[in-house]
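>>> Would you be able to build a 3D model of this:
(chains A and B)
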Amino acid sequence: MRVVIAEDSVLLREGLVRLLADAAIETVATVGDGPGLPGVVEEHEPDLAIVDVRMPPSFTDEGLRAALAVRERRPGTPILVLSQYVEERYATDLIGGGAEGVGYLLKERVSDVAEFIDAVRRIAAGGTVIDPEVIGQLLGRRRADDPLEALTPREREVLGLMAQGRSNGAIAEGLVVTEGAVEKHISNIFAKLDLQPAQGGHRRVMAVLAYLGRADA
Amino acid sequence: MGELSSGIGGAGEPPARAGTPGGGATRAGRAVSVMDGPWHPAAMARSAVTWTSALYLAVSFASGLTWFVVLVAGLSVSLATLIIWVGFPLLALMMVAWRFGARLERRLVRTAFGVAIPDPYRPRPQSRNPFARLKAMAADPATWKDLVYLGLLFPLTLVEFVVSAFTWALTGTLLFMPLIVLFGGGMEINLGRVTYWSGNPFEALPVSAVGLVVLAAALYVTRGMAIAHAAWARLMLGANASQAENRELRERTAHLRASRARGVDAAEFERRRIERDLHDGAQQRLLAVAMDIGRARAKLDEDPEGARALIEQAHAGTKEAITELRDLARGIYPAILTDRGLDPALSGLAGRAPVPVEVDVDLPERPPAAVESIAYFIVAEALANIAKYARATRASVRVAREDRWVVVEVIDNGVGGAVARAGGGLSGLADRAATIDGTLIVDSPPGGPTIVRADLPCTW
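Purely as a prediction, here's the structure:
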């Protein structure tokens, strides 16, 4: 597996390279700013691009814009965006052009190596990984006449885990219930939120995130 | 909510907003002034200000005379004794006295005519030295205008007295003629060319009718004199245009100075808080991590299991430190606010709040950075207070542009009863708002709901 990294902090960049190398993932190129990313991606055609949000020259959401540019020029390129802060608005921007092969995680998740490598592999394979904090923010929001109010607390928990891209089995394990119970919750959620029932990890995530992100539309 | 106060303002008074009626005696609920009351005779007869004016015009001759005597005597004595130095303290005493007289006159004019005349004096010097104060008094043109007014009060009130006495005596005599005839017997009445004899009260009734007409005339005469006197008093006892402007500028300077000082204090307070948070939080955690790793290194050879446990502890510690640093950095300045503006930043805040928060941001464009930042932190503080004290089950945040103002409103359905606490988060934010001439109001009756509202001026 081959990745490119866009990260301006040398310390973190080198750390990432080593961490990935330990897991037999090859880093083919690194850049230190946002505008350089699309060119590098076109040149190396990696399996995944790992991008920091805040980078030169503007030190605002440079990395996010670079990520969107990459997705526009080479649709479907898997991208993992790392950020010191997670903001739901960034997440909804990012998945606006399709949630397949998109990841958005807090930078510090890198330190849980095994989980991080797992996320990297899932994204490269076309999955969606969104930081639990973002899901928390999206679920915490309220609008007038919010259909989320109709959900029971347990259904809300299931929705949160589902939005993170967990499988039914993983959700059942996390909540200590049977898979059958999880399936029942999920069909209730889809019914209450008026969503098309969907199979497969990322399709489900997309549906849920599209629903949650609708407030920004 | 714990640390709010009701009505934390900038420097006491909010800045005047466009369309607010200026001061003056004619606001609803206040007495009418002779300047702009109704002109119909019946309305004038019913209006209290007419009768207070009449009273003033009739009796102020006494104070006019008194001041004339005091001033003439006092000034000539003090001028004559200047040569032996006694004159100076006497003159100073006179000056203080006539300033006092002018203040009294201002109050009388307000009571009698309903015309408010604010003191036009320059502010007192900071010095406690009485000579410095006297010097400043003597240098103030308003002091000398006071003297002119009081000096000329005598001839003015003399005329007013004579006219009033004649007018009201005539009016009274004619109006009450039937009573006079009843108690004083028959009388020959001479009305210009018409002369007739009235032997009983009924025959005198037509005279009363004439008296009514004269009463109307008397009312107009009184009104006219009152207006003239009030205008003269306003001219001599009040501030002229440039004095009024100076006064306004002085007040504004004082307001700005105070709000700037509070803004600096608020910033200092913030820096101390950040220092404390860094010191108590991340710094201590990293120190603990360093110690864990140091111990793990020592144990690595003889006790690898113990070393592993220590490393796990250190790993957890670093993650906690990262979380703390992130929260701290967000508290100093949230990156998303710069990147995307208020709506996403406030949505993020709302998402992290423990109670459901509805967010409604309606701004045509992004306001200046200072306004955005103050608005953001007001909402952050209000939501933090709601989480801590309000026991609310929901809250809403509204940001909208009203005219040239950005209005920020945070409402919760909690228990209310906010109690003032100086140095609290929201009063610090009120101070920050004051630095840009904004205001912050907290309305929190016991039992709720609590409303935190900020009006931030903003031109863009």
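>>> what sits up against the helix or strand hosting residue B:451?
Following DSSP states H and E, one finds residue B:451 within strand B:450-457. In this structure, residues lying in contact with strand B:450-457 by Cβ atoms under 8 Å, 6 or more residues apart in numbering or on different chains are B:1, B:4, B:14-15, B:367, B:371, B:374-375, B:378, B:382, B:386, B:390, B:392, B:404-412, B:414, B:416, B:418, B:426, B:429, B:433, B:436-444. Every residue, glycine included, has its C-beta placed from N, CA and C.
>>> Run the chain-centre distance for it.
18 Å (Cα atoms, centre = their mean, to the nearest Å).
>>> Let me know the average pLDDT across that strand.
Per-residue pLDDT over strand B:450-457 has a mean of 92.
>>> burial count for the closest residue to residue A:160 other than its chain neighbours?
Nearest residue to residue A:160 in three dimensions, chain neighbours excluded: residue A:135, at 4.9 Å (Cβ to Cβ, 6 or more residues apart in numbering or on different chains). As a burial measure, residue A:135 scores 24 neighbours (other Cβ atoms under 10 Å in any protein chain shown).
>>> for residue B:136, same thing?
So residue B:136, with other Cβ under 10 Å, has 16 neighbours.
>>> Same question for the one 10 residues further on.
Neighbours of residue B:146 under the rule other Cβ under 10 Å: 24.
>>> dump the residue contacts of the nearest residue to it once chain neighbours are set aside.
Excluding the flanking residues, the one nearest residue B:146 by Cβ to Cβ, 6+ apart is residue B:102, at 3.6 Å. For residue B:102, the contact set (Cβ under 8 Å, 6+ apart) comprises B:146, B:149, B:150, B:237.
>>> Residue B:233 is in contact with the second one, correct?
This means residue B:149. Yes - in this structure, residue B:149 is within contact of residue B:233 by Cβ atoms under 8 Å, at 6.9 Å.
>>> Between the two, which contacts overlap?
Both residue B:149 and residue B:233 are contacted by residue B:105, under the criterion Cβ under 8 Å, 6+ apart.
>>> Spatially nearest residue to residue B:278 (excluding sequence neighbours)?
Nearest to residue B:278 is residue B:328, by Cβ to Cβ, 6+ apart, at 6.8 Å.
>>> Now for whatever residue of chain B ends up closest to chain A, how many residues are close by?
Proximity of chain B to chain A (Cβ to the nearest Cβ) peaks at residue B:351, 2.9 Å away. Residues contacting residue B:351 under the criterion other Cβ under 10 Å number 21.
>>> now it, nearest residue through space, not along the chain?
The shortest distance from residue B:351 to any residue other than its chain neighbours is 2.9 Å, reached at residue A:137 (Cβ to Cβ, 6+ apart).
>>> show me what contacts the one you found?
Per Cβ under 8 Å, 6+ apart, neighbours of residue A:137: A:86, A:87, A:88, B:347, B:348, B:351, B:352.
>>> Can you give me the pLDDT of it?
77.
>>> what helix or strand does it sit in?
helix A:132-140.
>>> With residue B:65 instead?
Going by DSSP H and E, residue B:65 is in helix B:48-80.
>>> So which residues of chain A form helices?
Along chain A, counting by DSSP state H, helices occupy A:10-22, A:37-44, A:62-73, A:88-96, A:113-124, A:132-140, A:153-163, A:168-175, A:179-192, A:201-212.
>>> and the fifth one, what's its mean pLDDT?
The reference is to helix A:113-124. 91.
>>> And that helix, what's buried?
A:116, A:117, A:119, A:120, A:122, A:123, A:124 (16 or more other Cβ atoms under 10 Å in any protein chain shown).
>>> Look up how far chain B lies from the fourth one.
Look at residue A:120 and chain B: by Cβ to the nearest Cβ, to the nearest Å, they are 19 Å apart.
>>> thought that residue was touching residue A:19?
No - Residue A:120 sits out of contact with residue A:19 when judged by Cβ under 8 Å, with a separation of 9.7 Å.
>>> how's chain B carved up into domains?
In terms of domains, chain B is parsed into B:41-239, B:256-332, B:340-457 (source: automatic domain parsing).
>>> Over to chain A?
A:2-130, A:135-216.
>>> Adding pLDDT and distance to residue A:32, write the contacts of residue A:137 out as CSV.
Shown next, in CSV, are the contacts of residue A:137 (pLDDT from 0 to 100; distance: Cβ to Cβ, whole Å):
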residue, pLDDT, distance to residue A:32
A:86, 80, 22
A:87, 81, 23
A:88, 79, 28
B:347, 87, 31
B:348, 86, 27
B:351, 83, 32
B:352, 84, 31
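>>> Filter the contacts of strand B:450-457 down to the ones in strands?
Counted as lying in strands by DSSP state E, out of the contacts of strand B:450-457, are B:405-412, B:439-443.
>>> Quick one: buried ones out of those?
Buried among the ones in strands among the contacts of strand B:450-457 by 16+ other Cβ under 10 Å: B:405, B:406, B:407, B:408, B:409, B:410, B:411, B:412, B:439, B:440, B:441, B:442.
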